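Colleague: have a look at this prediction, sequence included:
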Amino acid sequence: MTSSTPRYKAIEDFLLERIRGGAYPVHHQIPPEEQLARDFAVSRMTANKAINNLVQQGYLVRQAGLGTFVTDRKAESSLHEVMNIAAEVRGRGHAYSNDVLRCEALAADDEVALRLGLRLGAQVFHSILVHREDGVPIQLEDRFVNPRWVPHYLDSDFSQQTPNEVLVASCPISDVEHVVEAVLVDAQTAAWLDIDPAAPCLSMIRRTWSDEHLVSYARLLHPGDRYKLRSHNKRR
């Protein structure tokens with residue numbers, strides 16, 4: 001740590017090293033603020049700031065009257081924003097990768113035509129990707145795109161840019177619709193996600209608009225034990 005590094009950062013780094021290294025497993029109680037303050041020769045306020053930062057990042061949870069504990073830090077997404085999953089994974093300090101399973105043009109069936117506001121049989125672009133965090137599948141993305149608004153979609157290198165990044169670069173998102181439900185998946189989807197077919201999943205149907213144009217319809221499937229969805233509404 002350099003002299004310009006905030007003093008609370010040393011405590012954060014200490015705790016993160018032990019959480020990520022397994023010394024502090026899920027549900028482990030971390031040392032109290034008073035002990036951390038003594039050990040690092042800082043004020044209790046400084047120790048409190050370090051802990052609060054890790055609480056906000058999802059590594060720790062405070063339990064009134066009991067202490068502060070390591071959380072089961074599942075991957076998470078916001079219900080109110082469209083985030084780039086690669087950035088989310090890297091923001092948690094983990095490695096992002098994906099497998100491209102489909103990348104094709106096809107004729108819209110009844111459901112896709114309805115979801116994208118197109119006529120039955122109209123050409124759409126289709127991609128299926130498995131997104132991974134530290135090699136573990138956390139999302140199956142099954143996406144349909146209106147070629148009129150993103151004509152180069154199928155030429156994209158999804159190892160360098162996620163579908164979300166490609167769409168946002170071409171058509172900045174102005175509106176989004178999310179529908180979430182718990183589902184069971186078929187054997188093929190379970191194999192792609194490396195889960196038991198009887199394991200519950202979270203399904204998020206997402207449609208995105210750019211101005212008045214309906215650009216994309218996607219079904220995002222997440223293993224229920226590896227993912228969570230977050231909603232935050234600020235009341236005025």
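Modeller: Yep, it's here. Keep in mind that this is a model prediction, so the values were computed, not measured.
Colleague: hey, let's count contacts and neighbours off CA atoms from now on
Modeller: Noted.
Colleague: what segments of this protein are strands?
Modeller: Using DSSP state E, the strands of the chain run over 60-63, 67-70, 75-78, 96-107, 123-133, 136-145, 175-183, 201-210, 213-223, 227-230.
Colleague: if you skip the residues just before and after it, what's nearest to C103?
Modeller: Excluding its sequence neighbours, the residue lying closest to C103 (Cα to Cα, 6 or more residues apart in numbering) is S127, at 4.4 Å.
Colleague: could you report the pLDDT at the one you found?
Modeller: Looking at S127, its pLDDT is 98.
Colleague: can you check G93 too?
Modeller: G93 carries a pLDDT value of 75.
Colleague: tell me the contacts of it?
Modeller: Contact analysis of G93 by Cα atoms under 8 Å, 6 or more residues apart in numbering lists nothing.
Colleague: and if you look at C171?
Modeller: With Cα under 8 Å, 6+ apart, C171 has these contacts: 149-150, 210, 215.
Colleague: can you redo these as CSV with distance to E34, neighbour count and pLDDT?
Modeller: Below are these laid out as CSV (distance: Cα to Cα, whole Å; neighbours: other Cα atoms under 10 Å; pLDDT from 0 to 100):
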residue, distance to E34, neighbour count, pLDDT
W149, 57, 16, 96
V150, 56, 18, 97
S210, 51, 18, 95
V215, 53, 22, 97
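Colleague: closest to A108 out of those?
Modeller: Relative to A108, the closest of those is V215; by Cα to Cα it sits at 13.9 Å.
Colleague: list the contacts for that closest one?
Modeller: Residues in contact with V215, defined by Cα under 8 Å, 6+ apart, are 116, 145-146, 149-150, 171, 207-209.
Colleague: so for the lengthiest helix in the chain, mean pLDDT?
Modeller: In the chain, taking DSSP state H as the definition, the longest helix is helix 7-21. The average pLDDT for helix 7-21 rounds to 91.
Colleague: surely the residue nearest to C103 meets R143?
Modeller: Yes - if you go by Cα atoms under 8 Å, S127 and R143 touch, sitting 5.3 Å apart.
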